[in-house]
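> I'll drop the sequence and a predicted model, then ask my questions.
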Amino acid sequence: MSTPDLLAQDGLVDGRPAALRRLLARPELGSLIAAIAVFVVFAVVAEPFLRVSSLGTVLYAASTIGIMAVPVSLLMIGGEFDLSAGVLVTTAALTSSMVSYQFTAVTWVGVLVSLATTLAIGWFNGWMLGRTKLPSFIVTLGTFLMLTGANLGVTKAISGTVSTKSIADMQGFAACRWLFASEVNIGGLAIKATVWWWLGLLLVGSWVLLRTRFGNWIFAVGGDADAARAVGVPVARTKTVLYLGVGFGAWVLGQHLLFSFNTVQSGEGVGNELIYIVAAVIGGCLITGGYGSVVGSALGALIFGMVSKGIIYAQWNPDWFKFFLGAMLLLAALLNAYVKRRAERGPR
């Protein structure tokens, strides 16, 4: 029997345990190492970083990114982008606020209309992508520009200003605030409602990606859409559902923003889509699609949360935050490509 066969029998490949090779091929490995490194750095240089209250702040910052990073990572694994994701969050909040204030005085009506609106926009992105065959970069860039203009234009036309009116005294506000913007204190740790939404989306997203046929379709259409279509995968429908997922995430985060602050600034959200994409890439998603991890996107969001708050606790110049994000993006992209090549090569 040859040496490679003997190694395989003993669970060794290239002199390493097979389990270790599988671990090294995991897309979220790089983000896990980075998260540990970031935590250690700020634990050493910033004493307030280790306080229980600080942990709650970090989790909150991470959750507001992670809620969107989950559906965005699924979309990227499916081989597409959504440049409208950031302003779509603002659209969700504006729609809920203005419908409630102008028409019903009942917040639940605005919330449901907002959900229908974000899902419709997500469906539109998926439908346009399937019908026109244009790159998702172009399709969603167009949606981004339209939503940016509509957010400002409609808000000014209805409210006379760039922000909405307060809805704090309306029927249903307290219940909506509990669902989207409440806070639970556990042993001094303040956990916002967004953390629970984030964890729920993370669990559902991971289950869908790794345990369902639809998850296999996501990997297939992201890896090679033509080959997936040839074996019967509904490519257009799969991508449309992924855009609907982005719409749902935007709705959740938009409601949180509204019921946290009672009003919404119509110019918010521009640029946040890049943060969601960077979180997904740091978490192991390839720009080219067909590879990635929902858990990795959560780790990417956690890194964002730790850095954004850790810089403040360490009293560093916050101007370096964007520099860090750019460096992390480049390093993550290089590492992800390397891990994918190693995984594709298989045992040698």
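Noted; the coordinates are in hand. Numbers count the residues shown, from 1 in each chain.
> okay, stretch 299-316 in PDB with CA atoms only?
Presented in PDB, the C-alpha positions along stretch 299-316 are these (Å, rounded to 0.1, in the frame of the first residue of the first chain):
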ATOM      1  CA  LEU A 299     -17.800  37.300  12.800                       C
ATOM      2  CA  GLY A 300     -17.100  40.100  10.300                       C
ATOM      3  CA  ALA A 301     -19.900  42.200  11.900                       C
ATOM      4  CA  LEU A 302     -18.400  41.400  15.300                       C
ATOM      5  CA  ILE A 303     -15.000  42.700  14.200                       C
ATOM      6  CA  PHE A 304     -16.700  45.900  13.000                       C
ATOM      7  CA  GLY A 305     -18.400  46.300  16.400                       C
ATOM      8  CA  MET A 306     -15.200  45.700  18.400                       C
ATOM      9  CA  VAL A 307     -13.100  48.000  16.300                       C
ATOM     10  CA  SER A 308     -15.600  50.900  16.100                       C
ATOM     11  CA  LYS A 309     -16.000  50.900  19.900                       C
ATOM     12  CA  GLY A 310     -12.500  49.700  20.800                       C
ATOM     13  CA  ILE A 311     -11.000  52.700  19.100                       C
ATOM     14  CA  ILE A 312     -13.100  55.000  21.300                       C
ATOM     15  CA  TYR A 313     -12.300  53.100  24.500                       C
ATOM     16  CA  ALA A 314      -8.600  53.200  23.600                       C
ATOM     17  CA  GLN A 315      -8.900  57.000  22.800                       C
ATOM     18  CA  TRP A 316      -7.400  56.600  19.400                       C
END
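> Check the offset of it from the chain's centre.
17 Å (Cα atoms, centre = their mean, to the nearest Å).
> Check stretch 241-256 too.
Centroid separation between stretch 241-256 and its chain, computed with Cα atoms, centre = their mean, is 10 Å.
> what pairs with Ile186 across the strands?
Leu189 (DSSP bridges).
> can you give me the strands for the stretch 1-150 of the chain?
Remark: strands assigned in the stretch 1-150 of the chain by DSSP state E, counting those that start in this stretch are 12-13, 16-17.
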